[in-house]
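> Sharing a model prediction with you, sequence too.
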Amino acid sequence: MTRSHLPGLLISVTGVILVGLNLRIAITSIPPLLASLGLGGTAQSLLVTLPVLCFAAGAPAGPRVRRLLGEEKAIFFLMSLLMVAIAVRGAFPSVALFPATLACALSIAVVNVHIPSLVKRRFPDRPGPIMSLYTTAFLLGAGIAAWLALPAKEALGNSLRMGLGIWTLPAALALVVWFPQLRVEKQAVPTTRDGDKTSVWRNPIAWQVTVFLGTSSLIFFGVFSWLPQIDTSRGISTSTSGYLLLLAIVFGIVGSLGAPTLARRFGDQRPAVVVASLIQMVGFLGLFLAPAQTAIFWAAVFGVGNGGTLSLALLLIVLRSADEHVAARLSSMAQAAGYLIAATGPLVTGLLHELLGGWSASIWFLMLAGLACLLAGFSAGYDRVVGGVPVSAAS
């Protein structure tokens, strides 16, 4: 890299970081405000599950949007849609809550798909650090929104409209910083044969990556959607519960930075997957089963593990792809099927609680998901790629 390329590189990386920062804010700002929305238990479960279902439903559109617009222009358009949807949800919460949340989640879903292929193309020599920064950014955004959603609402005159709409500001900032990327020429996307288009869906490596991403995301959304309510049932105050949520996400940043670094020390990613998954499971059990007085420690442990598994899952989309075109298709598959798996996290966790009147069954459901995450990630961590060879050889 020459000095003349440095400013463009910094702008590109900053753009990826700010886009990532916004990709969970519209979702994690909702759970702290559930009590203010006037919804019943089933409606609350649906509201926190809807975004994850949309991540799955919107992901298949990613490769087509990429062919039409190119990644840089597509991300700008989708981030604009996200900003408008957040603003509309804040302005008309009584009628726009569900449809605007739907629009937010669908725009996020397609951006999710574009980032791995963009990183594979724009940063071929440093995919690990860039994907680590990206994961760190969306975890940081998730934490900021979850922590500040309720205080922001109270500070803004206890206005639900302002509490929901304030999150248009970081989206606007991301658009401003991303704007220079529109100068990048659209990359030619080769026309693929019908068999090639579906090959990732028949590839065992692709399914291992998909299940790893799906289960790690299931745990993320399941825990962070219901952690405040679970903590309250254990006698932890609402304010302390919000702090624990933030703490878990902040330490998730530690995991998201550390896990790819650990992965680079070995010939493949299996050791990093095992370490991150075990830390996640131990922290999860401690968070929900250990005495409430120790919750701060276990929130930190869980955050490190969950941040590590999420970061590794997104990195594996890049590393298991032969080129950026395979990365786009694998990213679409992993996020379509993976987020369909993840949607069961907040939904089943909430419904088990409502049906059985306690959190024990919900906790063990999430624990089983943690075990599946470990097994799928271990298989996906072996160093080989999807694409460039026949599917039978790739297995």
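Received the coordinates, thanks.
> what helix or strand does G345 sit in?
helix 344-356 (DSSP states H and E).
> any chance you could map the helices in the stretch 51-200 of the chain?
61-69, 71-91, 93-122, 127-155, 160-165, 168-178, 194-199 (DSSP state H, counting those that start in this stretch).
> Is Y382 located within a helix, as I assumed?
No: under DSSP: H, G, I helix; E, B strand; the rest coil, Y382 sits outside any helix and is assigned coil.
> Would you confirm that it contacts G267?
No: counting by C-beta atoms under 8 Å, Y382 sits too far from G267 to count as a contact (9.4 Å). Heads up, the C-betas are built off the backbone N, CA and C, glycines and all.
> buried ones in stretch 340-355?
For stretch 340-355, the neighbour count (16 or more other C-beta atoms under 10 Å) marks 340-353 as buried.
> still on that earlier bit, what's in contact with the helix holding G345?
Contacts of helix 344-356 from elsewhere in the structure, counted by C-beta atoms under 8 Å, 6 or more residues apart in numbering, are 41-42, 44-46, 48-49, 52, 217-223, 225-226, 229, 359, 361-362, 365-366, 369.
> Check stretch 238-256 too.
Residues outside stretch 238-256 that contact it (C-beta under 8 Å, 6+ apart): 32, 132, 135-136, 139-140, 142-143, 146-147, 150, 223-224, 227-228, 231-232, 236, 276, 279, 287, 295-296, 299-311.
> just to revisit the earlier point, format the buried residues of stretch 340-355 as CSV; extra columns: pLDDT.
What follows is those, written out as CSV (pLDDT from 0 to 100):
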residue, pLDDT
L340, 90
I341, 93
A342, 90
A343, 86
T344, 89
G345, 88
P346, 83
L347, 83
V348, 90
T349, 88
G350, 84
L351, 86
L352, 90
H353, 87
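> Going by distance to A59, which of the residues you listed wins?
Closest approach to A59 among the buried residues of stretch 340-355 (C-beta to C-beta): L340, at 9.2 Å.
> helices and strands of the chain: which one bottoms out on pLDDT?
helix 391-394 (a mean of 34; mean pLDDT, DSSP states H and E).
> picking up where we left off before, which of the contacts of helix 344-356 are buried, as a ChimeraX select command?
Those of these that count as buried under 16+ other C-beta under 10 Å are selected in ChimeraX with:
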select :44,45,46,48,49,52,217,218,219,220,221,222,223,225,226,229,359,361,362,365,366,369
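> now the helix or strand encompassing F365: how far from the chain's centre is it?
Counting by DSSP H and E, the element that carries F365 is helix 360-380. The chain centre lies 17 Å from the centre of helix 360-380; the measure is C-alpha atoms, centre = their mean, to the nearest Å.
> Give me the helices and strands touching it, please.
With contacts taken as 3 or more C-beta pairs under 8 Å, 6 or more residues apart in numbering; DSSP states H and E, helix 360-380 sits against helix 204-233, helix 270-289, helix 295-319, helix 344-356.
> What residues sit buried inside it?
Buried residues in helix 360-380, counting neighbours by 16+ other C-beta under 10 Å, are found at 361-363, 365-366, 369-370, 372-374, 376-380.
> how much space between the nearest residue to A313 once chain neighbours are set aside and T135?
Taking C-beta to C-beta, 6 or more residues apart in numbering, and ignoring the residues beside it in sequence, A313 has L213 as its nearest neighbour in space, at 4.0 Å. With distances defined as C-beta to C-beta, to the nearest Å, the gap from L213 to T135 amounts to 12 Å.
> who has more neighbours, those two?
Remark: of L213 and T135, L213 carries more neighbours, 30 against 27, as counted by other C-beta atoms under 10 Å.
> who touches that one in this structure?
Listed by C-beta under 8 Å, 6+ apart, the contact partners of L213 are A313, L314, L316, I317, A334, Q335, G338, A342.
> Now the fifth one: which helix or strand?
With elements delineated by DSSP H and E, A334 resides in helix 324-342, which encompasses its position.
> returning to what we had before: ranking the contacts of L213 by neighbours, who comes first?
That'd be I317 among those, by other C-beta under 10 Å, with 33 neighbours.
> Nearest residue to S159 in space, please, no chain neighbours.
Distances taken as C-beta to C-beta, 6+ apart place K153 nearest to S159, at 6.7 Å, with adjacent residues excluded.
> ok, now how distant is K153 from G165?
As for K153, its distance to G165 is 10 Å (criterion: C-beta to C-beta).
> The residue nearest to S159 contacts I30, doesn't it?
No: using C-beta under 8 Å, K153 and I30 do not qualify as a contacting pair, with a distance of 11.7 Å.
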